[in-house]
Structures are given as C-alpha cells and as structure tokens.
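# here is a sequence together with a model predicted from it:
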Amino acid sequence: MDTASLQGLIKTLFYILLFYYLFKFLMRLLAPYLVQQMAKKAEEHIKKQFDQQQQNYHTHNQNQTQTESKKATPKPTKQVGEYIDFEEVE
C-alpha cells in the first residue's frame, strides 16, 4: 500500500497548476475564434427567423388582399327600421 508523500503532493500541485495555466493560455488563443463562431451562428438563426416572419407577413397580406377583393361587392343589408333622433325636452 502506498502512503502519501510530500513528493507526490508537490507533483500533483505542479500538474494542477500546469493544466490551469495551459488552459488559460489556450483560451486566450481560442476564445476570439469561438466567440466569432457563436456570433455567426446566432446571426444565421436570427436571419432565418426574420425571413420566415417576412414570408408569413407577405403571405398574410396577399390572402387579406384576395379576401378584400372578394368582399368588394357588398351585399345589401336588411333595413330593420329607420333611425330616430330623440331630442331632450326640458
């Protein structure tokens, strides 16, 4: 059975610090690239949503225009009675 030694502790701390600084260095190099890729992906997603909204808007307006043109000839409405304007008498 191995026992904990001072040499093993120092070796472990060295590896942890080495990994930490290596990770920190690589992030400084890779972070701009990663952020750029994320921004590009977000831009494409937003553009796709915008195009879908525009397409839906134009389709809705075309359908509305077609129904308005069909409703251009109004049907005669039934006259139930005539309008009487009452005046207040004091």
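Yes, it's here. Residues are numbered from 1 along each chain as shown.

# tell me where the chain has helices.
For the chain, the helices defined by DSSP state H cover 6-70.

# got phi/psi on Ile84?
Per-residue torsions, Ile84: phi -120, psi 130 (degrees, to the nearest 10).

# now Lys78
Main-chain dihedrals, Lys78, degrees, to the nearest 10: phi -80, psi 140.

# tell me where the model's unsure across the protein.
For the chain, the stretches with pLDDT under 70 are 1-2, 65-76.

# how far away is the residue positioned nearest the centre of it from Gln52?
The residue lying closest to the centre of the chain (Cα atoms, centre = their mean) is Ile46, at 6.1 Å. Taking Cβ to Cβ, to the nearest Å as the measure, Ile46 falls 11 Å from Gln52. The way it works is simple: take the backbone N, C-alpha and C, and place the C-beta from them, glycine included.

# go on, Gln79?
Note on Gln79: its distance to Gln52, by Cβ to Cβ, is 47 Å.

# likewise Ile16?
Distance, Ile16 to Gln52, using Cβ to Cβ: 49 Å.

# same question, Phe19
Distance from Phe19 to Gln52, counting by Cβ to Cβ: 45 Å.

# what of Phe14?
For Phe14, the distance to Gln52 equals 55 Å [Cβ to Cβ].

# and Lys41, by the same measure?
Lys41 is 17 Å from Gln52, by Cβ to Cβ.

# what do you get for Phe23?
Phe23 sits 40 Å away from Gln52, going by Cβ to Cβ.

# thank you, goodbye.
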